[in-house]
Each structure stands twice: as C-alpha cells, then as structure tokens.
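> Predicted structure and sequence below. I'll ask about it afterward.
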Amino acid sequence: MNRFLKAVLLTGLFVGTTDLVSAYITQWIKTGKFAEKMLNYIAGGALGLENSIPGGNWVALLGLFFHYFISFSFTLLFFLLLPRVKFLAFNKYLVGMLYAVFVNVVMGQVILPLSRLPTGPFSVANSVVGWIVLGVLFGVPIAYNAYKYYGLE
C-alpha cells in the first residue's frame, strides 16, 4: 500500500473511532443510558429516521459506513490541502483545532441540511464545547499526522 494512502486510512480510522467513542460517551453522560441506536440514527441521514431507527444490524452497519466515510473524507481533504495551502503549515495544534471547527460547521450547515436528519438552529454557545472535543479528538490528530507525513514537524 502506498505511504500516502496508508497515512490517510490509519488517520481516518483513528479519528473516526475516537469521534464515535466520544459521541457514545457524551450521550451516556447526558442521558445515563447507552445510545444503542446511534448508528441507526446516522443511517437516518440517507434512509430517514422512520426507516432507520426500527432497522436492525444492517442499518446500523450502514450508519457505521457513513460515519467512517465522512471521517475518511475530511481526513483526505486535509492531507490534500496541507501542501497546497501554505498558511495551514503554521501550527499543527492550532490548525487542527480550527480544522475541527471547519468540519463541524460544514457538517452542521451543509451536510446535515442535505440529509434526511432533523436540524436545529446554529448556536455558537452550544458549539464551543463540541468544537473543543472535536478539535482534540479529530482535528489535532489529523493535522499531527499530516504534518508528520509531509515532514513539517
């Protein structure tokens, strides 16, 4: 496997997993219960919640596919942009945190409205903690690994 593809796949797998685990932990903290239909909910973006929530393991597997597809896509995007957009080579931690904000805003303002999932109003106050968590678990690892791949450490 070529080095670029391996770096993107391993990074995407790592950030997709940490993001998913974080979502489960957050839901458990908020409700005190395990979110057993979370992957079904993710699949609801394509199927609609009326079809995905009562769905079984195959629907959950589809949700898992969508989740990792999105994680890999944003990872690939960063790896492709880093050598082309010079200001991204400023500071891997700051850039990673800002990339997470970018990912969150794109998901909330572009991707989710195009899906069949319900959307709520955008709120900076409600998003700040999510941005920090997403930055630490998603953005910074992507930036760190991309900087390492390109020798920008």
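Structure received.
> how about the helices of this protein, start to end?
3-31, 38-47, 49-52, 57-81, 92-106, 112-114, 124-134, 140-150 (DSSP state H).
> Dump those helices into JSON lines; add mean neighbour count and mean pLDDT as well.
C-beta here means a position set from N, CA and C on the backbone, and glycine is covered the same way. As requested, the helices of the chain are exported to JSON lines (neighbours: other C-beta atoms under 10 Å; pLDDT from 0 to 100):
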{"stretch": "helix 3-31", "mean neighbour count": "15", "mean pLDDT": "96"}
{"stretch": "helix 38-47", "mean neighbour count": "21", "mean pLDDT": "97"}
{"stretch": "helix 49-52", "mean neighbour count": "16", "mean pLDDT": "96"}
{"stretch": "helix 57-81", "mean neighbour count": "17", "mean pLDDT": "98"}
{"stretch": "helix 92-106", "mean neighbour count": "19", "mean pLDDT": "96"}
{"stretch": "helix 112-114", "mean neighbour count": "11", "mean pLDDT": "94"}
{"stretch": "helix 124-134", "mean neighbour count": "14", "mean pLDDT": "84"}
{"stretch": "helix 140-150", "mean neighbour count": "20", "mean pLDDT": "98"}
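> Neighbours of residue 2, how many?
The number of residues packed near residue 2 is 7, by other C-beta atoms under 10 Å.
> Tell me which residues touch residue 13, please.
68, 71, 72 (C-beta atoms under 8 Å, 6 or more residues apart in numbering).
> And the residues you listed, which is closest to residue 34?
Among the contacts of residue 13, residue 68 lies closest to residue 34 (C-beta to C-beta), at 20.3 Å.
> Report the central residue of the chain.
Among the residues of the chain, the one closest to the centroid is residue 71, at 4.7 Å (C-alpha atoms, centre = their mean).
> Would you check that that one makes contact with residue 10?
No - taking contacts as C-beta atoms under 8 Å, residue 71 lies outside contact range of residue 10: 11.8 Å.
> what does the model give the residue lying closest to residue 18 once chain neighbours are set aside for pLDDT?
Excluding the flanking residues, the one nearest residue 18 by C-beta to C-beta, 6 or more residues apart in numbering is residue 137, at 4.2 Å. As predicted, residue 137 sits at a pLDDT of 96.
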